[in-house]
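S.K.: please find the sequence and the predicted model below.
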Amino acid sequence: MIIPTSDLTEPFYEGSVQRLFAVPEDDAVMVTQTTSRGSVFDVGALFKIAGNDVNRSLFRHVLYSSMSDPKVWQKVKAAIEANAEFEVDYKKDLLTGILEEACEKGMKTHHEGMLDAVSGEVVRGEVPTNPSAYNVVRKYQILKPTRTEFLGAHLFDYSQFPHEDGFVIPLEYIVRFGITSASSVYRKYQAMDEKSRQAFEHEMGATCPLEAWQYLEKPIGDFTSKFEPEDRMVSKQEALVMSGLSGRHFIDSGKLAILGAWAVRLLVEEIGLLMWDIKWEFAKDGDDLVFVDTVDTDSFRATMFLDFDGERYVNHYNKQAMRDYFTLLHSDWIADVKVAKERGQQEGVAFTELLAEGQDAGDYAATPEAEADFLDLQEKKMTAIREYMLGEVVAEEVKVRLQETGVAEIEFYQGKGVLDGFRKINGIS
């Protein structure tokens, strides 16, 4: 198949960080274009990182192409078998069922290939001669729950989903190998009393109290709503009801989220990164569960521990670095975003509308711009990862480059006079 990029002129969807194009005479697939723009705090595109459009597209292409290979899942199986900390029953649960199927024939994804930037050829299974920001993926229905009200409460009706097929499951699956200091789960946990914490640990599947920047004894999974105005954390029981899946399919999807996370973890560990969490989405396609959505370096938290002036810090190699930047240097705007989100939940409307109205009225701080020096550091991180994915640089060299860029980022905050603030959120005691 050949799809010249010059023919892709009018997207049928344009979001904050990607555009979607129809494919003439083939309604089963579409072309996705990643952009160099980035979004944090759910407010839309806030910054651009040069070259990150191809970087992210390439990561997706390499990752999703590999997931159809049984050898990838055999490596995951070996890693789980070698983990001595897992309880016998937990390990047995992960190793049986859907993983056995994956080790035999790989897993299905929505990914069809990447467009060669020059020829427009859809390249499958290998990297094109000329990598592009364009991938081809299979399409699935986006079904949204019906909004209703009960005694003033805003509710969402998911009753149609069990009767449908070929749809994106209306959940985000979050897998956590450890807890970061900035995660919403950790902030929620810290605000609880002791009894509530214990109940929360049980719901999450944690076997010990949650502590920032420590790996858990075993990965845990949680869920948020996908197609409601604001993401909402839901229990496993509610997630099963919302999903539209049978009990067996839901359990398989939860296992796949953990197993897929392990595949990504093994990939980034090769270049010295620790992976803390990742989000997945799935589609239901008959009896098959299909990995979908835009999994790339913006979809998970990967870090290094770095020593600087006798202290140890966490440095991020994903968009958490940008979250920290705005948090530390534009706290007034962050506070207004939080207020708008709280109002949005109370009033049942998108908080971005309230934020824009408040900014127009002068009540909320204007949306800030990221400084070029800081964006340059993020570009260096992503370029190093891209060159590794292309096989142009060996893992050890990439690791050194990522360490050097991380130290330069800490020096940036020191120069801005906010190193104490950086220490509070990313310092290791």
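M.R.: Here it is on my side, so go on. Here the structure is a predicted model, which means the values were calculated and not measured.
S.K.: give the phi and psi angles for the residue nearest to the spatial centre of the chain, as a check.
M.R.: In the chain, the centroid-proximal residue (C-alpha atoms, centre = their mean) is residue 299; its distance is 2.0 Å. Backbone torsions of residue 299, given as degrees, to the nearest 10, read phi -100, psi -10.
S.K.: just residue 26 next, same as before
M.R.: phi -150, psi 90.
S.K.: residue 183 too?
M.R.: Dihedral angles for residue 183 - degrees, to the nearest 10 - are phi -70, psi 150.
S.K.: same question, residue 370
M.R.: Per-residue torsions, residue 370: phi -80, psi 140 (degrees, to the nearest 10).
S.K.: how many residues are close by it?
M.R.: For residue 370, the count of nearby residues is 19 (other C-beta atoms under 10 Å). Any C-beta I mention is one placed from the backbone N, CA and C, and that applies to glycine too.
S.K.: sticking with residue 352, tell me its helix or strand.
M.R.: helix 351-360 (DSSP states H and E).
S.K.: what's the first helix or strand after that helix?
M.R.: Assigned by DSSP H and E, the successor of helix 351-360 is helix 372-389.
S.K.: chain center to that following helix, what's the gap?
M.R.: 18 Å (C-alpha atoms, centre = their mean, to the nearest Å).
S.K.: what is that helix packed up against?
M.R.: Packing partners of helix 372-389 (3 or more C-beta pairs under 8 Å, 6 or more residues apart in numbering; DSSP states H and E): helix 52-66, helix 320-329, helix 395-416.
S.K.: so what does the shortest one touch, helix or strand wise?
M.R.: Think helix 320-329. strand 45-48, helix 331-347, helix 372-389, helix 395-416, helix 419-426.
S.K.: which of the ones you listed comes out lowest on mean pLDDT?
M.R.: Mean pLDDT is lowest for strand 45-48 among these, at a mean of 87.
S.K.: what's that one in contact with?
M.R.: Contact with strand 45-48 is made by 16-17, 35-40, 322, 326, 367-370, 375, as judged by C-beta atoms under 8 Å, 6 or more residues apart in numbering.
S.K.: if we can go back for a sec, and the residue nearest to the centre of the chain, what does it touch?
M.R.: Listed by C-beta under 8 Å, 6+ apart, the contact set of residue 299 reads 278-279, 293, 318.
S.K.: try residue 29
M.R.: Contacts of residue 29 (C-beta under 8 Å, 6+ apart): 23, 112, 136-139.
S.K.: go on, residue 315?
M.R.: Contact analysis of residue 315 by C-beta under 8 Å, 6+ apart lists 303-306, 321, 406-407, 409-410, 426.
S.K.: repeat that for 10 Å
M.R.: Residues near residue 315 by C-beta atoms under 10 Å, 6 or more residues apart in numbering: 273, 302-306, 308, 321, 324, 381, 402-403, 405-410, 422, 426.
S.K.: would JSON lines of the helices and strands packed on helix 372-389 with mean neighbour count be doable?
M.R.: Formatted as JSON lines, the helices and strands packed on helix 372-389 follow (neighbours: other C-beta atoms under 10 Å):
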{"stretch": "helix 52-66", "mean neighbour count": "23"}
{"stretch": "helix 320-329", "mean neighbour count": "20"}
{"stretch": "helix 395-416", "mean neighbour count": "17"}
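S.K.: and residue 292, what's its pLDDT?
M.R.: Turning to residue 292, the model gives it a pLDDT of 93.
S.K.: go on, the one 4 residues further on?
M.R.: The confidence metric pLDDT takes the value 79 at residue 296.
S.K.: which parts of the helix holding residue 352 are buried?
M.R.: 351-352, 354-356, 358-359 (16 or more other C-beta atoms under 10 Å).
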